[in-house]
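Q: Sequence and predicted model, in that order:
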Amino acid sequence: MEMKTGGNEQGAETTTTEGGGGGIVGSEEMEIRINTILERIEQFTQQVSELLEAGKTLFKDLSAEFEERMITIHKEQMEKWQDEIKELRMLDASNEESNTLLLNARLLLQNVRVDA
């Protein structure tokens, strides 16, 4: 593809692209505008890319924090329930001991009444 530039009747610079598909003629001013738009596209694409990376990092950090917090909550709840189970077992053992003492006392009182 060959590019030719030259002046036109009004003195404006034009660019002609020659190739297999016919020529496209544009003024230097239009080429500058097009290049400006292409630069904006590149800048915008870069900004989007940076925002996507920042978003990924943010979500990764939030995900890790969420996971750690959920594990901590689970661990704390398991400890509470284990303590509750331990207290219930101690209470049950104490109740069984009290029941045994009361039963022994009742038997002792019945034996005293029978002997009297």
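A: Happy to help now that I have it. In this text, all values refer to a predicted model and were calculated from it rather than measured experimentally.

Q: and the helix or strand containing Asn104, average pLDDT?
A: Element membership of Asn104 [criterion: DSSP states H and E] is helix 28-115. Averaging pLDDT along helix 28-115 yields 95.

Q: Quick one: list the elements packing against it.
A: Packing partners of helix 28-115 (3 or more Cβ pairs under 8 Å, 6 or more residues apart in numbering; DSSP states H and E): strand 13-18. (C-beta placed from N, C-alpha, C; glycine too.)

Q: make it 6 Å
A: Judged by 3 or more Cβ pairs under 6 Å, 6 or more residues apart in numbering; DSSP states H and E, helix 28-115 is in contact with no other helix or strand.

Q: Show me how far that helix is from its chain's centre.
A: A distance of 15 Å separates the centroid of the chain from that of helix 28-115, by Cα atoms, centre = their mean, to the nearest Å.

Q: Gly26 bridge partners, please.
A: Thr15 (DSSP bridges).

Q: Could you tell me how many residues sit around it?
A: Using other Cβ atoms under 10 Å, Gly26 has 14 other residues around it.

Q: now swap in Leu102 and tell me
A: 10.

Q: I'd like to know how far it sits from Val114.
A: Here the criterion is Cβ to Cβ, to the nearest Å. By it, Leu102 lies 19 Å from Val114.

Q: Then Phe66?
A: For Phe66, the distance to Val114 (Cβ to Cβ) stands at 71 Å.

Q: Counting neighbours around each, name which of those two comes out higher.
A: Phe66 (11 against 7).

Q: For the more buried one, give me its contacts.
A: By Cβ atoms under 6 Å, 6 or more residues apart in numbering, the contact set of Phe66 is empty.
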